[in-house]
Every structure is written in structure tokens, then in C-alpha cells.
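Asker: Using only what follows, build the 3D model:
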Amino acid sequence: MKIGFCAKPDQIDQVAAAGFDYIEPPVNYLAGLTEEDFSACLNKVKAASIPCLSFNLLFPKTMALLAPETTDAQIAEYLNGALARVRCMGGRIAVFGSGKSRNRPADMPYDAAFRRLAQVTRLTGEMAEKYEVTVVIEPLNRSETNMINSLGEGACLVAVVNHPCVKLLADYYHVAVERHPIEDIERLSGITHAHIAAEIGRRIPLEADEGYQRMFAAMKRTGYQGMLSIEGKSDDLAADGPVAVHMLKKMWEEA
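Answerer: Sure, this is the predicted structure:
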């Protein structure tokens, strides 16, 4: 099991020194860089001892995906530039969390919002296929978005979109906050990528937890072959990183 850490690419050396196997940077950050700044960022990543294998935060907060004024052409234009940079950095996975971007407008019925989100996600999958990237839907807790709040809803979106480059992610933190069963990973026939953070404070996991054990066991029962990214806070990554990596890898082996 490869263990990564979610951080901006300029932190790649610190992430590597802390013992992680890869870094997961934000797509929206990369998309906002000038060509000069992106080139410098790319050079730093290429010189680092660990790769960028996955990316999160696919869309910027300013892009309201379900709003009537946001067109497919605008979304495609953004994705074309953003995913080109993801692929240039070696990324294979792009996480579609972006809770604020996918929020349902107050005056939009849920069924209409879901249909529009399915259209946007299908378009995203089609764009991702051009760059040999897989987009994974990240169900988020209800304090972060009003669309796709459970693994079941995420699986339904993936099924409706029905595109080979659109899959499902499980994030332990969001599942725990929503009090949903992490075993849904198995019921829904598995996931393609995973995130983890401690439920209290959304911090880097430093102590073994029965919930992590159940998550890993469910993942193993589906034959999971992907990676695990920590998306949690740390006040001292140099100290916390080795502890988290050792603990999680040991739990995975024992699951």
C-alpha cells in the first residue's frame, strides 16, 4: 500500500522527508499558476524523490458547476488546461471533491441538480480520458456540500455516468462524520482511491483506530490495489509523518 499526503507541490521535499510514498496536490492550485510558475513547479516535482500520483480539489471554488450560467464549454476549457497539467506532472488520479463547486443552487430541485451533476461528471470523464486520467468521485459530509454525501450516492452517480474514467473514492473522515457504515465499500463493489484522516479535528492519523481497521478490511475484501492519501492537518509533519505511515502500513498488513 502506497501512503501519500495531500499538500501543495512546493511541499514535496518535506512530504518525502516525512516518509510518504507520494504527494497529492490540488488541481485548482496548479490550474491557477502562470506558465512560468507552473514550469518552476514542474521542475521541482521532477527533481523530487517521490512522485505526484494523484491530485485533489479538481475544480476551483469560483466555478459553480450546477449554476445555469456555467456552460459545458467553460467547464471543458478549464478541464483541458487543468488535466493537461495533471498529466504533465505524472498524475493518474484526479479527485472530484470540490464541494462548493458542486453545490446545488437553492432554487434548483434535487432531481434536476443530480441530472446536471451527472452531465458535468460525464463531460469530466470524457476530458479525463484524453489525458489518461481517472476521475474519482469523493462523497463529502453535509457541512461541505449538499450533493453526494454518502458512498451510496457516489456509487449511484458513477453508475449513471457509466464512463470508464469515472470511479468512486472513499474518505474515512467524511464517512465517519456522516455516521455511515464504512463497510459500504464492499457492498458497492469497491473503490478506486481512498483518503483518510482522524474524525476528531480532521488531523493526520497517529493512533490505531477500529474504524480504520474496518475500512482496510472492507477494502481488502474487494481486492483493492490503489493508494491511500492522508488528507489531514499536522502541526509537525516531520514528526507526524513517519508515525502515521508506519501505523497505517502496519494496520493494512494486519487487516
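
Asker: What's the first helix or strand after whichever helix in the chain runs longest?
Answerer: If you go by DSSP state H, the chain has its longest helix at helix 110-130. Using DSSP states H and E, the next helix or strand after helix 110-130 towards the C-terminus is strand 134-137.

Asker: next one: that next one to chain centre, how far?
Answerer: 8 Å (Cα atoms, centre = their mean, to the nearest Å).

Asker: for it, packing partners?
Answerer: With contacts defined as 3 or more Cβ pairs under 8 Å, 6 or more residues apart in numbering; DSSP states H and E, the packing partners of strand 134-137 are strand 93-96, helix 110-130, helix 151-161, strand 166-171. In short, each C-beta sits where N, CA and C put it, glycine included.

Asker: what about the longest helix of the chain, average pLDDT?
Answerer: Predicted confidence along helix 110-130 averages 98 (mean pLDDT).

Asker: list the buried ones in it?
Answerer: 113-114, 116-125, 127-129 (16 or more other Cβ atoms under 10 Å).

Asker: likewise stretch 145-164?
Answerer: Within stretch 145-164, judged by 16+ other Cβ under 10 Å, the buried ones are 145-151, 154-158, 160-161, 163.

Asker: So what would you say the end-to-end distance of it is?
Answerer: Taking Cα to Cα, to the nearest Å, stretch 145-164 runs 25 Å from one end to the other.

Asker: distance between that stretch and the chain's centre?
Answerer: With Cα atoms, centre = their mean, you get 14 Å for stretch 145-164.

Asker: same thing with stretch 121-138?
Answerer: Per Cα atoms, centre = their mean, the centroid offset for stretch 121-138 relative to its chain is 13 Å.

Asker: can you list the helices and strands packed on strand 134-137 in TSV and add distance to residue 25?
Answerer: Putting the helices and strands packed on strand 134-137 into TSV (distance: least, Cβ to Cβ, whole Å) gives the following:
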stretch	distance to residue 25
strand 93-96	11
helix 110-130	17
helix 151-161	22
strand 166-171	16
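
Asker: Quick one, grab the pLDDT at residue 1.
Answerer: 96.

Asker: For it, give me its contacts.
Answerer: With contacts defined as Cβ atoms under 8 Å, 6 or more residues apart in numbering, the neighbours of residue 1 are 227, 228, 248, 249, 252.

Asker: do the same with residue 201
Answerer: Residue 201 touches residue 233, counting by Cβ under 8 Å, 6+ apart.

Asker: what's the helix or strand for it?
Answerer: Applying DSSP H and E, one finds residue 201 in no helix or strand.

Asker: re the thing from before, who wins on neighbours among the contacts of residue 1?
Answerer: residue 228 (24 neighbours; other Cβ atoms under 10 Å).

Asker: ok, and the closest non-adjacent residue to it?
Answerer: residue 194 (4.9 Å; Cβ to Cβ, 6 or more residues apart in numbering).
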